[in-house]
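J.: Have a look at this prediction, sequence included:
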Amino acid sequence: MADLADLRDRNATFWSGAAPGWVRHADRQDHWGRPLGAVALEWLRPRPGERILDVGCGCGGTTAELAAAVGPTGEAVGLDLSAEMLAAAVARFPNGRHPRLRFVVADLDTLDVVPGAPFDAVHSRMALMLLADPVTGCRTLRRALRPGGRLAATVFRDGSTTPWLIAAVLGAAPHLGALPPLPVGDEPGPFALADPARARRVLAEAGFDDIAVDFHDVTLTAPDDPDTVADWLIEVGPAGAVYRAAGPSRQAAARAGVAALLARFREPGAGYRLPAGLLLLTGRAPA
Ligand SMILES: C[S@@+](CC[C@H](N)C(=O)[O-])C[C@H]1O[C@@H](n2cnc3c(N)ncnc32)[C@H](O)[C@@H]1O
(Lines give C-alpha, C1' and ligand atoms only; values in the text may rest on other atoms or scores of the structure.)
Protein backbone atom coordinates (compact mmCIF):
# COMPACT_ATOMS: atom_id res chain seq x y z
CA MET A 1 0.00 0.00 0.00
CA ALA A 2 1.46 3.37 -1.05
CA ASP A 3 1.72 6.11 1.60
CA LEU A 4 -0.75 9.00 1.72
CA ALA A 5 1.57 11.50 0.03
CA ASP A 6 2.13 9.06 -2.87
CA LEU A 7 -1.61 8.44 -3.19
CA ARG A 8 -2.34 12.18 -3.26
CA ASP A 9 0.34 12.75 -5.90
CA ARG A 10 -0.98 9.86 -7.96
CA ASN A 11 -4.52 11.27 -7.75
CA ALA A 12 -3.42 14.78 -8.74
CA THR A 13 -1.38 13.41 -11.67
CA PHE A 14 -4.27 11.21 -12.75
CA TRP A 15 -6.81 14.05 -12.79
CA SER A 16 -4.53 16.51 -14.53
CA GLY A 17 -4.11 13.88 -17.28
CA ALA A 18 -7.83 13.07 -17.34
CA ALA A 19 -9.14 16.64 -17.29
CA PRO A 20 -9.02 17.40 -21.07
CA GLY A 21 -11.15 14.33 -21.79
CA TRP A 22 -13.68 15.27 -19.14
CA VAL A 23 -13.85 18.80 -20.54
CA ARG A 24 -14.35 17.50 -24.07
CA HIS A 25 -17.18 15.22 -22.97
CA ALA A 26 -18.72 17.49 -20.32
CA ASP A 27 -22.17 17.71 -21.94
CA ARG A 28 -22.30 13.94 -22.51
CA GLN A 29 -21.23 13.28 -18.94
CA ASP A 30 -24.06 15.54 -17.73
CA HIS A 31 -26.73 13.89 -19.88
CA TRP A 32 -25.66 10.28 -20.35
CA GLY A 33 -24.05 10.09 -16.89
CA ARG A 34 -26.93 11.72 -15.01
CA PRO A 35 -28.27 8.45 -13.49
CA LEU A 36 -24.93 8.11 -11.65
CA GLY A 37 -26.04 10.85 -9.25
CA ALA A 38 -29.81 11.18 -9.61
CA VAL A 39 -30.53 9.15 -6.45
CA ALA A 40 -28.33 11.51 -4.38
CA LEU A 41 -30.14 14.58 -5.75
CA GLU A 42 -33.50 12.94 -5.02
CA TRP A 43 -32.50 12.06 -1.46
CA LEU A 44 -31.09 15.55 -0.86
CA ARG A 45 -34.21 17.40 -2.09
CA PRO A 46 -32.45 20.79 -2.24
CA ARG A 47 -34.76 23.54 -1.01
CA PRO A 48 -34.96 27.18 -2.11
CA GLY A 49 -32.55 29.31 -0.10
CA GLU A 50 -30.18 26.48 0.86
CA ARG A 51 -26.40 26.61 0.43
CA ILE A 52 -25.01 23.37 -1.00
CA LEU A 53 -21.47 22.13 -1.57
CA ASP A 54 -20.86 19.82 -4.55
CA VAL A 55 -17.65 17.83 -3.97
CA GLY A 56 -15.59 16.56 -6.93
CA CYS A 57 -17.96 18.48 -9.20
CA GLY A 58 -15.89 18.02 -12.38
CA CYS A 59 -17.18 20.30 -15.13
CA GLY A 60 -20.03 21.60 -12.95
CA GLY A 61 -23.18 19.99 -14.36
CA THR A 62 -24.52 18.79 -11.00
CA THR A 63 -23.52 22.07 -9.32
CA ALA A 64 -25.62 23.95 -11.87
CA GLU A 65 -28.55 21.61 -11.15
CA LEU A 66 -28.17 22.29 -7.43
CA ALA A 67 -28.00 26.06 -8.07
CA ALA A 68 -31.23 25.88 -10.07
CA ALA A 69 -32.91 23.96 -7.24
CA VAL A 70 -31.90 26.36 -4.45
CA GLY A 71 -32.92 29.40 -6.52
CA PRO A 72 -31.91 33.04 -6.25
CA THR A 73 -31.74 33.09 -2.44
CA GLY A 74 -29.56 29.97 -2.18
CA GLU A 75 -26.08 29.10 -3.40
CA ALA A 76 -24.28 26.11 -4.90
CA VAL A 77 -20.50 25.82 -4.58
CA GLY A 78 -18.65 23.27 -6.70
CA LEU A 79 -15.28 22.07 -5.33
CA ASP A 80 -12.77 20.13 -7.38
CA LEU A 81 -9.08 19.33 -7.54
CA SER A 82 -8.87 20.14 -11.23
CA ALA A 83 -8.44 23.81 -12.15
CA GLU A 84 -8.90 22.82 -15.80
CA MET A 85 -12.30 21.23 -15.20
CA LEU A 86 -13.43 24.16 -13.08
CA ALA A 87 -12.35 26.62 -15.77
CA ALA A 88 -14.63 24.65 -18.09
CA ALA A 89 -17.39 24.75 -15.46
CA VAL A 90 -17.15 28.56 -15.26
CA ALA A 91 -17.25 28.80 -19.07
CA ARG A 92 -20.26 26.48 -19.27
CA PHE A 93 -22.20 28.22 -16.49
CA PRO A 94 -21.06 31.86 -16.55
CA ASN A 95 -21.58 33.89 -13.41
CA GLY A 96 -23.74 36.48 -15.20
CA ARG A 97 -26.36 33.82 -15.98
CA HIS A 98 -25.80 31.77 -12.81
CA PRO A 99 -25.08 34.32 -10.07
CA ARG A 100 -25.64 31.84 -7.22
CA LEU A 101 -23.10 29.35 -8.54
CA ARG A 102 -19.41 29.38 -7.54
CA PHE A 103 -16.48 27.06 -8.06
CA VAL A 104 -13.49 26.49 -5.77
CA VAL A 105 -10.27 24.71 -6.74
CA ALA A 106 -9.16 22.60 -3.76
CA ASP A 107 -7.88 19.15 -2.84
CA LEU A 108 -10.25 17.71 -0.25
CA ASP A 109 -7.41 15.46 0.89
CA THR A 110 -5.41 18.42 2.18
CA LEU A 111 -8.12 21.01 2.84
CA ASP A 112 -8.76 21.91 6.46
CA VAL A 113 -11.67 24.34 6.12
CA VAL A 114 -13.96 24.42 3.08
CA PRO A 115 -14.26 28.04 1.87
CA GLY A 116 -17.83 29.29 2.30
CA ALA A 117 -18.72 26.82 5.10
CA PRO A 118 -21.09 26.20 6.80
CA PHE A 119 -23.39 24.58 4.21
CA ASP A 120 -26.87 23.13 4.59
CA ALA A 121 -25.93 20.07 2.55
CA VAL A 122 -23.05 18.33 0.78
CA HIS A 123 -23.59 16.51 -2.50
CA SER A 124 -21.07 14.36 -4.36
CA ARG A 125 -21.35 12.22 -7.47
CA MET A 126 -18.65 9.59 -7.91
CA ALA A 127 -15.78 11.30 -6.11
CA LEU A 128 -15.45 10.22 -2.45
CA MET A 129 -13.83 6.89 -3.41
CA LEU A 130 -10.94 8.85 -4.91
CA LEU A 131 -9.78 10.33 -1.62
CA ALA A 132 -6.38 9.16 -0.38
CA ASP A 133 -7.71 9.33 3.18
CA PRO A 134 -11.51 9.14 2.99
CA VAL A 135 -12.06 9.44 6.77
CA THR A 136 -10.12 12.71 6.96
CA GLY A 137 -11.79 14.05 3.78
CA CYS A 138 -15.28 13.14 5.01
CA ARG A 139 -14.49 14.66 8.41
CA THR A 140 -13.67 17.91 6.61
CA LEU A 141 -17.06 17.67 4.86
CA ARG A 142 -18.85 17.01 8.16
CA ARG A 143 -17.19 20.10 9.66
CA ALA A 144 -18.30 22.09 6.61
CA LEU A 145 -21.96 21.33 7.41
CA ARG A 146 -24.16 23.25 9.79
CA PRO A 147 -25.47 21.14 12.71
CA GLY A 148 -28.01 18.70 11.24
CA GLY A 149 -26.78 19.39 7.71
CA ARG A 150 -27.06 16.46 5.31
CA LEU A 151 -24.67 14.53 3.07
CA ALA A 152 -25.66 12.53 -0.02
CA ALA A 153 -23.00 10.91 -2.21
CA THR A 154 -22.91 8.17 -4.80
CA VAL A 155 -20.00 5.77 -5.35
CA PHE A 156 -19.59 2.65 -7.49
CA ARG A 157 -20.31 -0.84 -6.22
CA ASP A 158 -18.00 -3.61 -7.41
CA GLY A 159 -16.94 -3.75 -11.05
CA SER A 160 -19.22 -6.63 -11.98
CA THR A 161 -22.23 -4.32 -11.53
CA THR A 162 -20.75 -1.71 -13.87
CA PRO A 163 -19.21 -3.79 -16.68
CA TRP A 164 -18.80 -0.91 -19.16
CA LEU A 165 -16.25 0.67 -16.83
CA ILE A 166 -14.07 -2.43 -17.09
CA ALA A 167 -14.81 -2.77 -20.82
CA ALA A 168 -13.54 0.77 -21.44
CA VAL A 169 -10.14 -0.30 -20.08
CA LEU A 170 -9.94 -3.90 -21.36
CA GLY A 171 -11.05 -3.03 -24.87
CA ALA A 172 -8.72 -0.04 -25.20
CA ALA A 173 -5.59 -1.17 -23.33
CA PRO A 174 -4.12 -3.52 -26.00
CA HIS A 175 -3.93 -0.57 -28.41
CA LEU A 176 -2.45 2.00 -26.04
CA GLY A 177 0.65 2.60 -23.91
CA ALA A 178 1.08 1.88 -20.20
CA LEU A 179 -1.97 2.71 -18.10
CA PRO A 180 -1.83 4.37 -14.65
CA PRO A 181 -1.09 1.98 -11.74
CA LEU A 182 -4.06 -0.15 -10.65
CA PRO A 183 -5.19 0.45 -7.07
CA VAL A 184 -4.45 -2.27 -4.51
CA GLY A 185 -6.74 -3.06 -1.55
CA ASP A 186 -8.30 0.10 -0.11
CA GLU A 187 -6.26 2.46 -2.27
CA PRO A 188 -8.32 5.18 -3.97
CA GLY A 189 -9.98 4.26 -7.23
CA PRO A 190 -13.42 3.58 -8.70
CA PHE A 191 -14.15 0.70 -6.30
CA ALA A 192 -12.47 1.89 -3.09
CA LEU A 193 -15.82 2.40 -1.32
CA ALA A 194 -17.61 -0.48 -3.02
CA ASP A 195 -17.76 -2.44 0.24
CA PRO A 196 -20.85 -1.09 2.04
CA ALA A 197 -19.36 -1.93 5.44
CA ARG A 198 -16.25 0.12 4.67
CA ALA A 199 -18.33 3.02 3.32
CA ARG A 200 -20.42 3.03 6.52
CA ARG A 201 -17.27 2.84 8.69
CA VAL A 202 -15.71 5.81 6.86
CA LEU A 203 -18.79 7.99 7.50
CA ALA A 204 -19.03 6.86 11.13
CA GLU A 205 -15.35 7.59 11.80
CA ALA A 206 -15.81 10.97 10.11
CA GLY A 207 -18.46 11.80 12.72
CA PHE A 208 -21.72 11.55 10.74
CA ASP A 209 -25.03 10.54 12.35
CA ASP A 210 -28.05 8.80 10.76
CA ILE A 211 -25.80 6.98 8.30
CA ALA A 212 -27.40 4.89 5.56
CA VAL A 213 -25.76 2.95 2.74
CA ASP A 214 -28.30 1.94 0.10
CA PHE A 215 -27.91 -0.17 -3.05
CA HIS A 216 -29.17 1.23 -6.36
CA ASP A 217 -29.09 -0.28 -9.83
CA VAL A 218 -29.40 2.34 -12.54
CA THR A 219 -29.12 2.37 -16.32
CA LEU A 220 -27.25 4.93 -18.38
CA THR A 221 -28.72 5.46 -21.82
CA ALA A 222 -26.71 6.69 -24.78
CA PRO A 223 -27.48 6.97 -28.48
CA ASP A 224 -26.65 4.31 -31.04
CA ASP A 225 -23.28 5.81 -31.93
CA PRO A 226 -20.64 3.19 -31.00
CA ASP A 227 -17.64 5.35 -31.90
CA THR A 228 -18.75 8.33 -29.78
CA VAL A 229 -19.92 6.19 -26.86
CA ALA A 230 -16.58 4.32 -26.81
CA ASP A 231 -14.69 7.62 -27.07
CA TRP A 232 -16.63 9.04 -24.08
CA LEU A 233 -16.13 5.97 -21.89
CA ILE A 234 -12.40 5.73 -22.66
CA GLU A 235 -11.83 9.43 -22.04
CA VAL A 236 -13.59 9.53 -18.66
CA GLY A 237 -11.90 6.32 -17.50
CA PRO A 238 -8.39 5.25 -16.46
CA ALA A 239 -7.18 4.94 -20.07
CA GLY A 240 -8.12 8.55 -20.99
CA ALA A 241 -4.70 10.18 -20.81
CA VAL A 242 -2.80 7.46 -22.72
CA TYR A 243 -5.60 7.31 -25.29
CA ARG A 244 -5.26 11.03 -25.94
CA ALA A 245 -1.50 10.67 -26.35
CA ALA A 246 -1.88 7.86 -28.93
CA GLY A 247 -2.07 8.53 -32.67
CA PRO A 248 -5.36 8.48 -34.62
CA SER A 249 -5.04 4.87 -35.82
CA ARG A 250 -4.36 3.47 -32.33
CA GLN A 251 -7.20 5.61 -30.97
CA ALA A 252 -9.57 4.20 -33.61
CA ALA A 253 -8.45 0.65 -32.74
CA ALA A 254 -9.04 1.36 -29.03
CA ARG A 255 -12.56 2.64 -29.76
CA ALA A 256 -13.30 -0.42 -31.88
CA GLY A 257 -12.00 -2.69 -29.08
CA VAL A 258 -14.27 -1.02 -26.54
CA ALA A 259 -17.26 -0.95 -28.92
CA ALA A 260 -16.87 -4.71 -29.44
CA LEU A 261 -16.99 -5.36 -25.68
CA LEU A 262 -20.01 -3.07 -25.35
CA ALA A 263 -21.99 -4.81 -28.11
CA ARG A 264 -24.19 -6.72 -25.67
CA PHE A 265 -25.42 -3.40 -24.21
CA ARG A 266 -26.33 -2.00 -27.63
CA GLU A 267 -29.60 -2.30 -29.44
CA PRO A 268 -28.87 -1.27 -33.04
CA GLY A 269 -31.06 1.63 -34.06
CA ALA A 270 -32.15 2.28 -30.45
CA GLY A 271 -28.92 2.89 -28.51
CA TYR A 272 -27.01 1.78 -25.45
CA ARG A 273 -28.32 0.76 -22.05
CA LEU A 274 -25.39 0.57 -19.65
CA PRO A 275 -26.06 -0.89 -16.19
CA ALA A 276 -24.41 0.67 -13.16
CA GLY A 277 -24.41 -0.52 -9.55
CA LEU A 278 -24.21 2.31 -7.04
CA LEU A 279 -24.11 2.87 -3.33
CA LEU A 280 -25.94 5.93 -2.07
CA LEU A 281 -24.19 7.14 1.10
CA THR A 282 -26.21 9.46 3.29
CA GLY A 283 -25.72 10.97 6.72
CA ARG A 284 -26.14 14.09 8.85
CA ALA A 285 -23.78 16.27 10.83
CA PRO A 286 -24.65 15.93 14.53
CA ALA A 287 -27.34 18.45 15.53
C1 LIG B 1 -15.18 10.50 -11.37
S2 LIG B 1 -15.03 12.24 -11.48
C3 LIG B 1 -16.72 12.74 -11.20
C4 LIG B 1 -16.99 14.15 -11.66
C5 LIG B 1 -18.46 14.57 -11.52
N6 LIG B 1 -18.87 14.55 -10.13
C7 LIG B 1 -19.34 13.68 -12.36
O8 LIG B 1 -19.97 12.77 -11.80
O9 LIG B 1 -19.40 13.89 -13.58
C10 LIG B 1 -14.26 12.62 -9.95
C11 LIG B 1 -13.98 14.10 -9.74
O12 LIG B 1 -13.44 14.27 -8.43
C13 LIG B 1 -12.34 15.16 -8.50
N14 LIG B 1 -11.42 14.81 -7.39
C15 LIG B 1 -10.67 13.71 -7.27
N16 LIG B 1 -9.97 13.75 -6.13
C17 LIG B 1 -10.29 14.90 -5.51
C18 LIG B 1 -9.86 15.52 -4.31
N19 LIG B 1 -8.95 14.95 -3.52
N20 LIG B 1 -10.36 16.75 -3.98
C21 LIG B 1 -11.27 17.33 -4.80
N22 LIG B 1 -11.70 16.80 -5.96
C23 LIG B 1 -11.22 15.59 -6.32
C24 LIG B 1 -11.74 14.94 -9.88
O25 LIG B 1 -10.97 16.05 -10.31
C26 LIG B 1 -13.00 14.69 -10.72
O27 LIG B 1 -13.51 15.89 -11.24
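T.: It's in.
J.: out of everything not next to it in sequence, what's closest to R28?
T.: W232 (5.0 Å; CB to CB, 6 or more residues apart in numbering). The way it works is simple: take the backbone N, C-alpha and C, and place the C-beta from them, glycine included.
J.: what separates the host helix or strand of that neighbour from the chain centre, distance-wise?
T.: Assignment of secondary structure by DSSP states H and E places W232 within helix 226-235. Put simply, helix 226-235 sits 17 Å off its chain's centre (CA atoms, centre = their mean, to the nearest Å).
J.: List the buried residues in it.
T.: By neighbour count on 16 or more other CB atoms under 10 Å, the buried set for helix 226-235 is 226, 228-235.
J.: How about residues contacting it?
T.: Contact with helix 226-235 is made by 18, 21-22, 24-25, 28-29, 32, 164-165, 167-168, 171-172, 222-223, 240, 243-244, 254-256, 258-259, 262, 266, 272, as judged by CB atoms under 8 Å, 6 or more residues apart in numbering.
J.: again, only this time at 7 Å
T.: Residues outside helix 226-235 that contact it (CB atoms under 7 Å, 6 or more residues apart in numbering): 21, 24-25, 28, 32, 164, 168, 172, 222, 240, 243, 254-255, 258-259, 262, 266, 272.
J.: out of those residues, which are buried?
T.: Here, 16+ other CB under 10 Å leaves 21, 24-25, 28, 32, 164, 168, 172, 222, 240, 243, 254-255, 258-259, 262, 266, 272 buried among the contacts of helix 226-235.
J.: In strands, which of the residues you listed fall?
T.: Counting by DSSP state E, the buried ones among the contacts of helix 226-235 place 222, 266, 272 in strands.
J.: between those residues, which is closest to R142?
T.: Closest approach between these and R142, by CB to CB: A222, at 35.6 Å.
J.: Give me the secondary structure label for D214.
T.: Using DSSP: H, G, I helix; E, B strand; the rest coil, the structure places D214 in strand.
J.: Three-state assignment for the closest residue in space to it that isn't next to it in sequence, please.
T.: Nearest non-adjacent residue to D214, counting by CB to CB, 6+ apart: L280, 4.6 Å away. Here L280 is recorded as strand under three-state DSSP.
J.: Okay, and the beta partners of L280?
T.: When bridges are called by DSSP bridges, L280 pairs up with T154, D214.
J.: how near is it to the ligand?
T.: Between L280 and the ligand the distance, using CB to the nearest ligand atom, to the nearest Å, works out to 14 Å.
J.: before we move on, what about P94?
T.: 19 Å.
J.: For my notes, confirm that residue occurs in a strand.
T.: No. P94 is assigned coil when assessed by three-state DSSP, not a strand.
J.: Next up, the contacts around it.
T.: Residues near P94 by CB under 7 Å, 6+ apart: none.
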